[in-house]
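Asker: next come a sequence and a model predicted from it.
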Amino acid sequence: MLEKANEYIKRNHIDEKEKSLFHVTPETGWMNDPNGFSVYQGKVHLFYQFYPYKTEWGPMHWGHQVTEDLVKWEAYPVAMAPDQDYDHIGCFSGSAIEADGKHVLLYTGVSQKDGKEIQNQCIAIGDGKTYEKWQDNPVIKGDIMPEKFDRKDFRDPKIWKKDGRYYCVVGNRYEENCGQIVLFSSVDYKNWRYEKVLLRNDGKNGDMLECPDYLEVDGYPVIICSPQNMHAQKYEFHNGHNSIYIIGDAEKEISDFAWEKKRSLDYGLDFYAPQTTELPDGRRIMVAWMKSWDARVMTKGQKWQGMMTLPRELKIKDGKIWQSPVRELEKYKKNPIIYTEQKISGQMSLDGINGRVIDMTVELTNVEGREFKVDVAHNEEYTTTFTYYPEKHQIEIDRTYSGVNADVVCVRKIEIAEKHHAPKLHFIMDRYSVELFINDGEQTASVVIPTPLEANEIIFTSDEAATVNIEKYEITFN
């Protein structure tokens, strides 16, 4: 199956100009969750859920790309295919770690017995390019957990090592639609024991907790997960399938976490299943699937589906996670266009402020009216609008006219802190996506747009006088 997948990719190669420049996209076909985000032998590896044969979900393989700077990525051969009895339904999400000089992948193998789906955790061991599944898989079976812990919804292991011992967290369903995150430990990453439940919700606001990640940021333990079927709460958790984080107790060796302390990781329309890794310099980096399970947003004739966010650096400030684009992007920023204390009144375009592969910061220094708009990927037919409402302390995203051709959610409202009367909006655009970093990354919003590339104008609109500082750079590999 591996050889078949790799041969298919070679025969169905997509011109890179049809895809994003610096965001990870599949070589062809379908991509979802990031997997195995890790450092091995000095390079950063990113695997992902992959089905090369169609632009829709299918029996899951593991795609594989590698980078030295988190911006330019190189596609490697498919790492795993569902070719064993214990994973014949799919090689579902998981993680990776360098151990004993090898690259170890810990993933969920999905099988079926007597008409029932079974999910267990398996390993594959490789050299950074080719991987062999362990002869004694699965290494973590559901039957080592207590009763009432579901054996079907038991997936997405995230592995790490601390004080000479391996740990992993796995998402699980408990009793009547409660979600939980379960902790296991091992001395050798092959023989595991159940430890405890790190987090459990009440089943009233989200059930299965997918893609858990246990990490440390600035000395604080953090749990990240993606609950299914959450209910919206004012301006948070609107995507149905959401991604949240909880900051734990820094005094505990392995912290427990309180569900009521959850916060959104991203406030946009397209963000799910984030995973992190720690770089040798100590930075904690996160990447996520920039798509929603509930929306199919594609250009006409598109031969690939799904992309990753730009990797983001994480920090903790004021009890919250702040995110910023990886600093490596700076060296690819060219041809600056800068406006200082620029007056905006009515609808305006500015010389040199356009493009679809750009880094643009719009800092409002004074806003007198009721709304201030930035339209990107704009022409007479298409536009995506970001509107700031000073009196409401809100930012609204609207991609209704971006070219979507299905009944998908297009509008999202974000409540920002009242201290920011004049916010700073940092846009990263890469052909078919917009990532917005609000007030130096206190909040973020990720949006996919299927807009034809000829729509590259940027328009500023203020109902009354506004004053802004604008910096725009092209992002290019030339």
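Answerer: Yep, that arrived.

Asker: what helix or strand is the most centrally placed residue in the chain on?
Answerer: Closest residue to the average C-alpha location of the chain: Ala288 at 1.1 Å, with C-alpha atoms, centre = their mean. Using DSSP states H and E, Ala288 sits in strand 284-289.

Asker: elements contacting that strand?
Answerer: Contacts defined by 3 or more C-beta pairs under 8 Å, 6 or more residues apart in numbering; DSSP states H and E place strand 284-289 against strand 29-40, strand 43-51, strand 209-217, strand 272-278, strand 312-317. In this view, the C-beta of every residue, glycine as well, is placed from N, C-alpha and C.

Asker: isn't the residue nearest to the centre of the chain right up against Met308?
Answerer: Yes: between Ala288 and Met308 there is a contact under C-beta atoms under 8 Å: 6.9 Å.

Asker: overlap in contacts, these two.
Answerer: Common neighbours of Ala288 and Met308 (criterion: C-beta atoms under 8 Å, 6 or more residues apart in numbering): Pro34.

Asker: what strands line up against the host helix or strand of Ile159, and which way round?
Answerer: Following DSSP H and E, one finds Ile159 within strand 149-162. Looking at strand 149-162 with DSSP bridges, its partner strands are strand 165-174 (antiparallel).

Asker: output the strand it pairs with as PDB - backbone C-alpha positions only.
Answerer: Taking C-alpha atoms only, strand 165-174 is exported to PDB below (Å, rounded to 0.1, in the frame of the first residue of the first chain):
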ATOM      1  CA  ARG A 165      10.500   8.100  31.500                       C
ATOM      2  CA  TYR A 166       8.100   8.300  28.600                       C
ATOM      3  CA  TYR A 167       4.500   9.600  28.900                       C
ATOM      4  CA  CYS A 168       1.600   9.900  26.600                       C
ATOM      5  CA  VAL A 169      -1.900  11.300  26.700                       C
ATOM      6  CA  VAL A 170      -4.700   9.800  24.700                       C
ATOM      7  CA  GLY A 171      -8.200  11.000  24.000                       C
ATOM      8  CA  ASN A 172     -11.000   8.800  25.200                       C
ATOM      9  CA  ARG A 173     -14.800   8.700  25.700                       C
ATOM     10  CA  TYR A 174     -16.100   7.900  29.200                       C
END
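
Asker: quick check: end-to-end length of stretch 65-84?
Answerer: Distance between the two ends of stretch 65-84: 23 Å, counting by C-alpha to C-alpha, to the nearest Å.

Asker: averaged pLDDT, that stretch. What do you get?
Answerer: Mean per-residue pLDDT for stretch 65-84: 98.

Asker: okay, now the unreliable bits of the stretch 151-300 of the chain?
Answerer: Counting by pLDDT under 70, the stretch 151-300 of the chain contains low-confidence ranges at 231-240.

Asker: mind doing that once more with 90?
Answerer: Scanning the stretch 151-300 of the chain for pLDDT under 90 picks out 175-177, 201-207, 228-242, 249-256, 258-260, 292-300.

Asker: what's the domain layout of this structure?
Answerer: With domains defined by automatic domain parsing, the chain comprises 2-325, 331-475.

Asker: what are the contacting residues of stretch 123-141?
Answerer: Here stretch 123-141 makes contact (C-beta under 8 Å, 6+ apart) with 40-41, 43, 45, 66, 76-77, 79-80, 84, 86-87, 102-107, 109, 120-122, 157, 168, 170, 184, 189-192.

Asker: which stretch of helix or strand covers Asp440?
Answerer: Assigned by DSSP H and E, Asp440 belongs to neither a helix nor a strand.

Asker: now do the contacts for it.
Answerer: Trp322, Ser324, Lys424, His426 are the contacts of Asp440 under C-beta under 8 Å, 6+ apart.

Asker: among those residues, which ones are in helices?
Answerer: Counting by DSSP state H, no part of those is found in helices.

Asker: name the nearest of these relative to Asp15.
Answerer: His426 (29.7 Å; C-beta to C-beta).

Asker: contacts only, for that closest one.
Answerer: The contact partners of His426, taken as C-beta under 8 Å, 6+ apart, are Pro325, Asp359, Met360, Thr361, Val362, Leu436, Phe437, Ile438, Asp440, Gly441.

Asker: which of those residues are buried?
Answerer: Neighbour counting over the contacts of His426 (16 or more other C-beta atoms under 10 Å) leaves Pro325, Asp359, Met360, Thr361, Val362, Leu436, Phe437, Ile438, Gly441 as the buried ones.

Asker: would you turn the contacts of His426 into JSON lines with distance to Glu260 and pLDDT?
Answerer: Below are the contacts of His426 laid out as JSON lines (distance: C-beta to C-beta, whole Å; pLDDT from 0 to 100):
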{"residue": "Pro325", "distance to Glu260": "31", "pLDDT": "99"}
{"residue": "Asp359", "distance to Glu260": "37", "pLDDT": "99"}
{"residue": "Met360", "distance to Glu260": "37", "pLDDT": "99"}
{"residue": "Thr361", "distance to Glu260": "35", "pLDDT": "99"}
{"residue": "Val362", "distance to Glu260": "35", "pLDDT": "98"}
{"residue": "Leu436", "distance to Glu260": "28", "pLDDT": "99"}
{"residue": "Phe437", "distance to Glu260": "27", "pLDDT": "98"}
{"residue": "Ile438", "distance to Glu260": "24", "pLDDT": "97"}
{"residue": "Asp440", "distance to Glu260": "27", "pLDDT": "96"}
{"residue": "Gly441", "distance to Glu260": "24", "pLDDT": "97"}
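
Asker: what ranges do the helices span in the stretch 1-150 of the chain?
Answerer: 2-11 (DSSP state H, counting those that start in this stretch).

Asker: just to check, Lys19 is in contact with Gln305?
Answerer: No: Lys19 lies out of contact with Gln305 (C-beta under 8 Å); the separation is 10.9 Å.

Asker: now the longest strand seen in the chain: buried residues?
Answerer: Longest strand in the chain by number of residues (criterion: DSSP state E): strand 457-475. Buried residues in strand 457-475, counted by 16+ other C-beta under 10 Å: 457-462, 466-468, 470-475.

Asker: what does stretch 204-218 give?
Answerer: 205-217.

Asker: where in the stretch 351-478 of the chain is pLDDT low?
Answerer: In the stretch 351-478 of the chain, residues with pLDDT under 90: 367-369, 405-409, 417-422, 478.

Asker: where along it do the helices fall?
Answerer: Ranges of helices in the stretch 351-478 of the chain, per DSSP H, counting those that start in this stretch: none exist.

Asker: could you pull out the strands for it?
Answerer: For the stretch 351-478 of the chain, the strands defined by DSSP state E, counting those that start in this stretch occupy 357-367, 372-378, 384-389, 394-398, 411-415, 424-430, 433-438, 443-448, 457-475.

Asker: who does the second one pair up with?
Answerer: For strand 372-378, the pairing partners within the sheet under DSSP bridges are strand 384-389 (antiparallel), strand 457-475 (antiparallel).

Asker: of those, which is nearest Leu198?
Answerer: The nearest among the strands paired with strand 372-378, by C-beta to C-beta, is strand 384-389 at 36.6 Å.

Asker: sorry, back to before: out of the buried residues of strand 457-475, who's nearest Ile14?
Answerer: Among the buried residues of strand 457-475, and counting by C-beta to C-beta, the member closest to Ile14 is Ile475, at 20.4 Å.
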